[in-house]
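Everything below, folded, please.
(one chain, ligands or ions: 1)
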Amino acid sequence: MQQAAARVLRGARTPQVLSPPVRTPQVLSPPVRTLPVRARSAPAGSAPLGLLYERHGEPAAVVQLKDLEVPKLGDCDVHVKMLAAPINPADINMIQGTYPLLSPLPAVGGNEGVGEVLEAGRRVTALKPGDWVIPADAGLGTWRTQGVFPEKMLLKVPSDISVLCAATLSVNPCTAFRVLADFESLVPGDSVIQNAANSGVGQAVIQIARASGIKTINVVRDRPDLPKLVERLMALGADHVITEEMLRKPEMKDIFKSIPRPRLALNCVGGKSTTEMLRHLQPKGTMVTYGGMAKQPVMVPVSAFIFRDVRLRGFWMTQWRKDHVQGMALWSLMICETPTMLSMS
Ligand SMILES: NC(=O)c1ccc[n+]([C@@H]2O[C@H](COP(=O)([O-])OP(=O)(O)OC[C@H]3O[C@@H](n4cnc5c(N)ncnc54)[C@H](OP(=O)(O)O)[C@@H]3O)[C@@H](O)[C@H]2O)c1
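As a prediction, this is how the structure comes out:
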């Protein structure tokens, strides 16, 4: 099973061509044909509801629960009842107006979630009532009870996984899958180091790596209940869990007596955490930055470039989807394979 998972990771490797940084936010096209709204008035449960913002700002100040009108079902449309939708850091940044991708206003919040098809238009080919669907791209506005969406904006997912797994499948686990697959050709026995290892992405990295026979060194911030967190991550399949302070300690050498130095470092934080993590990367290894939780730049010692020739890369799931829009099959395959790897460990 481990070899099969490793094969899936290697097979999924695609050349990664990143576009230059986006300087001005891209404005998405509206996911629904109309978004008429009115202040909430109907009794609970009687009308479709959505968490909507009409201007950018702090979510607590600008997001309101409002009644939404569900438009008439078109021939190529699908009427969906939402089952669950998470709150991701990017959702918050979109509402704040600081994300490189913004929805036209007014907008319903949320980019991820799972819904059940209630009704499908006459020309809908791949979906039927009862199917579970997730957004095919960012900007769907998933924080709502119901919606009518064009079929092409939805992707069918297996309905024999948990609602929570389905609702959180397309962003964090897929990011974890891609950063493990696209930058280094890892084989069983190789190791990966990552910070913010207890994040949604980090936990998926632990599980997918374990399912593929790849060792993980997981860096977390210190906290009073650290042993509990260590236990939880080890139960997911982590090989080592250390604090950011430990990254500088000589005892780090002990870890590399039993596993090789990592060829891949995954950076979700930035700032000091990243610089320290980079010290342990193998020469010619790659560090992939996918998050910036500390809101600090990545600092790299000159010696890391000159004497160890480390490679620094970036990853954005939204861009990956855009670059692979012709490869919907690859995207669907990943969506179907990832839950297996998550449940294996
Ligand atoms: N590039 C992409 O395509 C992509 C895809 C998915 C997610 N992301 C990004 O990845 C990041 C994590 O997302 P997620 O949904 O996995 O988040 P999450 O589950 O909410 O976890 C957030 C993590 O960040 C850590 N953290 C928060 N503030 C920090 C700080 N100042 N210094 C160090 N660590 C800090 C938290 O550690 P504590 O427990 O110690 O607070 C936790 O481990 C976000 O920036 C998100 O936008 C990017």
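
for stretch 140-151, how far is the first residue from the last?
As for stretch 140-151, its first-to-last residue distance stands at 12 Å under the measure C-alpha to C-alpha, to the nearest Å.

Contacts for it, please.
31-33, 48-51, 68, 70-74, 76-82, 85, 103, 107-113, 115, 118, 120-121, 124-127, 135, 153 (C-beta atoms under 8 Å, 6 or more residues apart in numbering). To be clear about C-beta, it is placed using only N, CA and C from the backbone, and glycine gets the same treatment.

Show the buried residues in those.
Judged by neighbour count, with 16 or more other C-beta atoms under 10 Å as the criterion, the buried members of the contacts of stretch 140-151 are 31-32, 48-51, 68, 70, 73, 77-80, 82, 85, 103, 107-113, 115, 120-121, 124, 127, 135, 153.

Quick one: the helices in the stretch 151-300 of the chain, in order.
Read by DSSP state H, counting those that start in this stretch, the stretch 151-300 of the chain holds these helices, from start to end of the chain: 163-167, 172-182, 200-211, 226-236, 252-258, 271-278.

name the helices or strands packed onto the last one?
Right, helix 271-278. Under the contact criterion of 3 or more C-beta pairs under 8 Å, 6 or more residues apart in numbering; DSSP states H and E, the helices and strands touching helix 271-278 comprise strand 264-267, strand 286-289.

any idea which helix or strand of this structure has the worst average confidence?
Within the chain, confidence by mean pLDDT, DSSP states H and E is lowest for strand 37-39 among all helices and strands, at a mean of 47.

quick one on the thing from earlier: got JSON lines for the helices of the stretch 151-300 of the chain, with mean pLDDT too?
Output for those, formatted as JSON lines (pLDDT from 0 to 100):
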{"stretch": "helix 163-167", "mean pLDDT": "95"}
{"stretch": "helix 172-182", "mean pLDDT": "96"}
{"stretch": "helix 200-211", "mean pLDDT": "97"}
{"stretch": "helix 226-236", "mean pLDDT": "98"}
{"stretch": "helix 252-258", "mean pLDDT": "94"}
{"stretch": "helix 271-278", "mean pLDDT": "95"}
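
got these as TSV, with mean neighbour count and distance to Ile242 columns?
Formatted as TSV, the entries for these read as follows, by neighbours: other C-beta atoms under 10 Å; distance: least, C-beta to C-beta, whole Å:
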stretch	mean neighbour count	distance to Ile242
helix 163-167	18	28
helix 172-182	23	19
helix 200-211	25	13
helix 226-236	15	9
helix 252-258	12	8
helix 271-278	19	10
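
okay if I get the ones you listed as CSV plus distance to the ligand?
Putting these into CSV (distance: least, C-beta to the nearest ligand atom, whole Å) gives the following:
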stretch, distance to the ligand
helix 163-167, 13
helix 172-182, 4
helix 200-211, 3
helix 226-236, 8
helix 252-258, 19
helix 271-278, 6
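
May I see those arranged in TSV, with distance to Ile306 as well?
Formatted as TSV, the entries for those read as follows, by distance: least, C-beta to C-beta, whole Å:
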stretch	distance to Ile306
helix 163-167	44
helix 172-182	26
helix 200-211	29
helix 226-236	34
helix 252-258	22
helix 271-278	14
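
Can you read off the backbone torsions of the residue of the stretch 1-150 of the chain found nearest the ligand?
Here the stretch 1-150 of the chain gets closest to the ligand at one residue, Pro89, 3.9 Å apart by C-beta to the nearest ligand atom. The phi and psi values for Pro89, taken as degrees, to the nearest 10, are phi -50, psi -40.

Let me know the pLDDT of it.
Each residue has a pLDDT score; the one for Pro89 is 92.

What mean pLDDT does the helix or strand following the least confident helix or strand of the chain get?
Once the chain leaves strand 37-39, the next helix or strand it forms, by DSSP states H and E, is strand 49-53. Confidence over strand 49-53 (mean pLDDT, whole number) is 97.
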